[in-house]
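Asker: need a 3D model of the sequence below.
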Amino acid sequence: MNDQSLPSGKRLKWLGIAMLVLGFIAVMAPAITGTWVVYIIGAVLLVTGITQVFSGFQAEGWSAKVVPLILGLITTLAGIGVLGNPILGLGTLTLLLVIFFVAEGIWKIIAALGYRPAEGWVWLLASGAISLLLGLMIWNQWPVSGLWAVGILVGVNLISTGVSLIVLASAIKELTLQGK
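Answerer: I've put the predicted structure just below:
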């Protein structure tokens, strides 16, 4: 990789710091963060649904109109529902996270046991166990966990991304210093 294809280390560093700060804010105020995530999802659903409805009206013939109109209507109503009752949307999103973490945890555990003779299979097993436990922990407190789970997970993601960008920026800085 030559110096000209490397992104600006300074820009990555500041982006990483911003994400780190936003991540800590999200973790400190998980209910607010989770609610904003739900508002964004609701807005995306609403815009997508309206776009599908318009697409359906522009299609030629009724057979080409039916599916986009029905899907557009359902998606629009889902967006309106989520925006109209974000707490219910947050609870539903949290329930989807439970399903995801439990399924992912079970899959990772089964996969790890399949890789058992290979070195490092225990790490996949541990990751699966953590996913499964996280899913069960969120489920155990559901629907109250909706007030914290989404916000905490978004915050942790922002923090880990921020740290990785800062580390990457430092590595790029080292590479550019070595090249001079």
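
Asker: buried set for stretch 132-142?
Answerer: For stretch 132-142, the neighbour count (16 or more other C-beta atoms under 10 Å) marks 132, 134-135, 138-139 as buried. Bear in mind the C-beta positions are built from the backbone N, C-alpha and C, glycine included.

Asker: tell me which of these is nearest to residue 118?
Answerer: Of all those, residue 118 sits closest to residue 132, with 21.0 Å by C-beta to C-beta.

Asker: residue 117 in helix, strand or coil?
Answerer: When classified by DSSP: H, G, I helix; E, B strand; the rest coil, residue 117 comes out as coil.

Asker: before we move on, the earlier item: in helices only, show me the buried residues of stretch 132-142.
Answerer: Judged by DSSP state H, helices contain the following of these: 132, 134-135, 138-139.

Asker: nearest to residue 76, of those?
Answerer: Using C-beta to C-beta, those come closest to residue 76 at residue 138, 29.1 Å.

Asker: what's the spacing between the closest one and residue 14?
Answerer: Going from residue 138 to residue 14 by C-beta to C-beta, to the nearest Å gives 33 Å.

Asker: equivalent analysis for residue 137, please.
Answerer: Distance, residue 137 to residue 14, by C-beta to C-beta: 35 Å.

Asker: likewise for residue 56?
Answerer: Taken as C-beta to C-beta, the span from residue 56 to residue 14 is 44 Å.

Asker: so the two - more neighbours on which side?
Answerer: Neighbour count, other C-beta atoms under 10 Å: between residue 56 and residue 14, residue 56 has more, with 18 against 14.

Asker: surely the more buried one and residue 69 touch.
Answerer: Yes: judged on C-beta atoms under 8 Å, residue 56 makes contact with residue 69 at a distance of 3.7 Å.

Asker: how close does the most centrally placed residue in the chain get to residue 30?
Answerer: Nearest residue to the geometric centre of the chain (C-alpha atoms, centre = their mean): residue 154, 6.7 Å. For residue 154, the distance to residue 30 equals 8 Å [C-beta to C-beta].

Asker: same thing with residue 13?
Answerer: Distance from residue 13 to residue 30, by C-beta to C-beta: 27 Å.
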